[in-house]
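[1] any chance you can model this:
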Amino acid sequence: MLGGNTKASITGVGNTRYSKKADRSAERLAIDAVLAAAADAEIDPEQIDGIIPYPGHIGDDVIQAELGINPRFRVTVDMGGCSAVSALRVASMAVMSGAAKHVLLFRGLKGSSGARKAERPSFLPGQSFRRQLEHVYGMNTPAQRYAVLCQRYKHEYGLDRRTLGEIALAARAHANLNPDAQMYGRELTMEDYLAGRLIADPYTLFDCCLETDGASAVVVSARTDSRDVQILSVAEAQGASPDDTSNREPFLDIGLTQAANDVWNDLGVGPQDMDAAMIYDCFTFEVLHQIEEAGFAGHGEAAALIADGGIRLGGKLPINTHGGMLSEAHQAGLNHIIEAVRQLRGECGTRQVQDARLIAVTGWGQLGDGSFAVLGARNV
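    As a prediction, this is how the structure comes out:
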């Protein structure tokens, strides 16, 4: 078994259908996803004795009260979009140490019909810098902030806009094989992509992730049954300047750069051994960026991997086979874990990666914090 005799596994996953406007509250959506994950793990919800909620959204008190959960272990992992993958590490340590038997990770969001991103409080580090030197010049949204990284990459290596377009189109093609996806049944062509309205140069409409109503849940247990998916290794790290993106050297260095290297060294495998990757796709360029920083391609070389269907089903490295945050849903990365689990179980039907055994999952948070995991099927 890779990475030693680990006892931590993902035993259950669940989600609602994702939409632009749900007719239920975020709390109700979360409860439905948790019930689905517990049923998938073949446990009663009351057997859940550990909870890791997502910071800044609904708390675990509602889940506890409605489902009769009395946790022995509670913790919050506050790393923005890194939190889902990083929480796998914390949950693994909890179940392996005996602090809990079944740890729940969950998200319940009304990111589209509820408070939009710009209306929610910011948890980014360096708030005085943000308010006094960025906001006054109109740089106050994620698209504006992260577009700077893309612009620098273009300066260093060159970047054809159609490369970003292929990332968006691959995500949409995969979402159209996924009935739960927010963009299911909505085709996207390169002409549509190129005609998208400008958001923050070079990002246009289809370079940006969705805002979503929906919920998702994952159960991590100290169990090794036949359907369970192994958590082989997880690491997290921050970029060279965790409170800023514009004064980093190397400029494109992010936490994933170190986190992925730690996992490869821990397991003794490499990017070439992965059957698929679920990459945190807040923006199209961040897929390309993380492809390179995780070692799937050299610096300046990801475009060649992306071209000609390289990241689509059947390609060299299928990426975000559920549609990702660009076309399935924004669930702060938890839906990427769910898709990896279903792929490793062979449950994905027409979007199934053949004989999937090892899948990498990334997290992107704050100003480039990174988390990285490799999950394995039972036959690994």
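[2] quick one: Ile48 and Pro71 touch, right?
    Yes - if you go by CB atoms under 8 Å, Ile48 and Pro71 touch, sitting 7.2 Å apart. C-beta: built from backbone N, CA, C; applies to glycine.
[3] tell me which of these two has more neighbours.
    Ranked by neighbour count (other CB atoms under 10 Å), Ile48 and Pro71 place Ile48 first, with 29 against 18.
[4] ramachandran coordinates for the more buried one?
    Main-chain torsions, Ile48, degrees, to the nearest 10: phi -70, psi 120.
[5] any idea how far it lies from Val95?
    Ile48 sits 11 Å away from Val95, going by CB to CB, to the nearest Å.
[6] shared neighbours, those two?
    Common contacts of Ile48 and Val95 (CB atoms under 8 Å, 6 or more residues apart in numbering): His102, Val103.
[7] strands of the stretch 151-300 of the chain, start to end?
    Ranges of strands within the stretch 151-300 of the chain are 198-200, 203-204, 213-222, 229-237, 276-278, based on DSSP state E, counting those that start in this stretch.
[8] buried deepest among those, which one?
    Greatest average neighbour count among those goes to strand 213-222 (a mean of 29), per mean count of other CB atoms under 10 Å.
[9] and the angle for that strand with strand 229-237?
    110 degrees (axes from the mean of the first three to the mean of the last three CA atoms, to 10 degrees).
[10] and strand 213-222, what other elements does it pack with?
    strand 8-15, helix 26-41, helix 83-97, strand 102-110, helix 334-345 (3 or more CB pairs under 8 Å, 6 or more residues apart in numbering; DSSP states H and E).
[11] output the ones you listed in TSV; the columns should cover distance to Ala235.
    Shown next, in TSV, are the helices and strands packed on strand 213-222 (distance: least, CB to CB, whole Å):
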stretch	distance to Ala235
strand 8-15	14
helix 26-41	24
helix 83-97	7
strand 102-110	17
helix 334-345	15
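[12] Throw the ones you listed into CSV and include mean pLDDT, thanks.
    Compiled in CSV, those are given as follows (pLDDT from 0 to 100):
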stretch, mean pLDDT
strand 8-15, 97
helix 26-41, 96
helix 83-97, 96
strand 102-110, 93
helix 334-345, 98
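[13] give me whichever of these is most buried.
    Per-stretch averages of neighbours, counted by mean count of other CB under 10 Å, single out strand 102-110 among the helices and strands packed on strand 213-222, with a mean of 28.
[14] check contacts around the closest residue to Trp364 other than its chain neighbours.
    Excluding the flanking residues, the one nearest Trp364 by CB to CB, 6 or more residues apart in numbering is Tyr280, at 4.1 Å. Tyr280 makes contact with Gly81, Glu286, Gln290, Met325, Gly333, His336, Thr362, Gly363, Trp364, according to CB under 8 Å, 6+ apart.
[15] ok, Glu156 next?
    Glu156 makes contacts with Phe251, Leu252, Gly300, as judged by CB under 8 Å, 6+ apart.
[16] need the buried ones from those selected in ChimeraX.
    Selection of buried members from these for ChimeraX, criterion 16 or more other CB atoms under 10 Å:
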select :251,252
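[17] now, which of the contacts of Glu156 sits nearest Thr163?
    Minimum distance to Thr163 across those is 11.6 Å, recorded for Gly300 (CB to CB).
[18] what about the closest residue to the closest one other than its chain neighbours, distance to Ala303?
    Residue nearest to Gly300 in three dimensions, not counting chain neighbours: Tyr157, with 3.8 Å by CB to CB, 6+ apart. Using CB to CB, we find Tyr157 at a distance of 8 Å from Ala303.
[19] higher neighbour count, those two?
    Each of Tyr157 and Ala303 has its neighbours counted (other CB under 10 Å); Ala303 has more, 20 against 15.
[20] hang on, the earlier thing: how close does the residue nearest to Gly300 sit to Trp264?
    23 Å.
[21] and if you look at Ile58?
    Distance from Ile58 to Trp264, counting by CB to CB: 36 Å.
[22] my guess is Phe372 is in a helix, correct?
    No - Phe372 is assigned strand when assessed by DSSP: H, G, I helix; E, B strand; the rest coil, not a helix.
[23] that one contacts Thr362, correct?
    Yes - because the distance of 5.6 Å satisfies CB under 8 Å, Phe372 is recorded as touching Thr362.
[24] what sits in contact with each of these two?
    By the contact definition CB under 8 Å, 6+ apart, Phe372 and Thr362 are jointly contacted by Val85, Leu256, Ala260, Ala294.
[25] out of these, who's nearest Lys316?
    For those, the residue nearest Lys316 by CB to CB is Ala294; the value is 14.4 Å.
[26] can you tell me the closest non-neighbouring residue to the closest one?
    Using CB to CB, 6+ apart and skipping the chain neighbours, the partner closest in space to Ala294 is Ala260 (4.0 Å).
[27] this completes my enquiry, with thanks.
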